[in-house]
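# For reference, the sequence and a predicted model appear below.
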Amino acid sequence: MSFRASVLTLYPEMFPGPLGVSLAGRALERGDAVIETVAIRDFGIGRHRLVDDTPSGGGPGMVMRADVLAAAIDHAAPAGDTRPRLLMSPRGRPLTQARVRQLAEGEGAIILCGRFEGVDERVIEGRSLEEVSIGDYVLSGGEIAALVLLDAVIRLLPGVMGNAASGEWESFEGALLEHPQYTRPAEWEGRTIPKVLTSGDHGAVERWRREAAERITAERRPDLLTG
Ligand code: SAH
């Protein structure tokens, strides 16, 4: 069974974009993941296919219409489609590796990409959309946020990562950030590799990595240790 994402967007040409290469690109080629796009414009109103209107109550910018978005969502996810419905939104719950892993274990997702000032609140309620943020900053549209989410999900799908173990020790998988990494050459610009890493003592390597991970986490992200 493959992971199927339906992305609702005004800019379908942005997909798969950077996900067309490397790990994700090969997963898409094999069909382990499928990214379909739904052009919101196709559900626009009238000859000009209008998708937005001015904000009720006044103010700058435009708001995406609830009726247009609902028609696009109902087309992408007919009754009985149980995939989670996500709205990329700076107001959403910040995306975590735990949520990414949950999504990767499911059948896929409907992903709505906002533009302009955002979307009419009523479609969020009426179609039970889960608002997801990729961080505390504002993008010009939800497409890049959707690409970020999909990249994080696709690399976790079975068979996608070359070395399955490389997913285990990474930042956020435990409560710790990752330890420092080194590779050849043994000396570079006068800098050497910590001796323990070339000692061949696997127990000592494990202990060094854990201690380094704990130190870096305490310094940079103490919230991960107490959270
Ligand atoms: N006026 C809105 C911002 C709209 S930005 C506000 O102040 O909350 C336009 C669109 O970009 C949003 O609808 C959303 O889909 C997307 N977007 C912007 N920042 C994002 C973020 N941090 N995470 C996820 N999506 C984001």
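Done, it's in.
# neighbours around the residue in the chain that the ligand sits nearest to, how many?
Of all residues in the chain, G114 sits closest to the ligand, at 2.1 Å by Cβ to the nearest ligand atom. Using the backbone N, CA and C atoms, a C-beta is placed for each residue, glycine as well. Using other Cβ atoms under 10 Å, G114 is surrounded by 24 other residues.
# tell me the contacts of it?
If a contact means Cβ atoms under 8 Å, 6 or more residues apart in numbering, then G114 has 64, 87-89, 141-142 as its contacts.
# swap in L69?
8, 40, 43, 112, 119-120, 123, 127.
# Correct me if wrong, but it is in a strand.
No: counting by DSSP: H, G, I helix; E, B strand; the rest coil, L69 is not part of a strand but helix.
# Against R47, how distant is it?
Using Cβ to Cβ, to the nearest Å, we find L69 at a distance of 20 Å from R47.
# returning to that earlier point: the contacts of G114 in helices, which ones?
Cross-referencing those with the helices (criterion: DSSP state H) gives G142 as the overlap.
# Helix, strand, or coil at L149?
Here L149 is recorded as helix under three-state DSSP.
# list the contacts for I124?
By Cβ under 8 Å, 6+ apart, the neighbours of I124 are 87, 131.
# Scan the contacts of L69 and report the most crowded one.
L112 (29 neighbours).
# In contact with that residue, which residues?
Residues counted as contacts of L112 (Cβ under 8 Å, 6+ apart) are 8, 69, 72-73, 85-88, 119, 129, 142.
# neighbours around the closest residue to R30 other than its chain neighbours, how many?
Closest residue to R30 apart from its sequence neighbours, by Cβ to Cβ, 6 or more residues apart in numbering: G159 at 7.9 Å. By the other Cβ under 10 Å criterion, the neighbourhood of G159 contains 10 residues.
# Now do the SS call for G159.
Under the three-state scheme (three-state DSSP), G159 adopts coil.
# just the one 3 residues further on next, same as before
Put simply, G162 is coil when judged by three-state DSSP.
# so how far is A27 from it?
Spatial separation of G162 from A27 under the definition Cβ to Cβ is 12 Å.
# between these two, who's got more neighbours?
Neighbour totals were compared for G162 and A27, and A27 leads with 22 against 8 (other Cβ under 10 Å).
# So which other helices or strands are in contact with the strand or helix carrying that one?
With elements taken from DSSP states H and E, the one containing A27 is helix 22-30. For helix 22-30, the elements it packs on are strand 33-39, helix 142-154, judged by 3 or more Cβ pairs under 8 Å, 6 or more residues apart in numbering; DSSP states H and E.
# Buried deepest among those, which one?
Highest mean neighbour count of the helices and strands packed on helix 22-30: helix 142-154, a mean of 22 (counted as mean count of other Cβ atoms under 10 Å).
# Toward the C-terminus, what is the element adjacent to that one?
Per DSSP H and E, helix 142-154 leads on to strand 187-188 as the next helix or strand towards the C-terminus.
# Tell me the buried residues in stretch 124-138?
124, 127, 129, 131-134 (16 or more other Cβ atoms under 10 Å).
# Nothing else from me, thank you.
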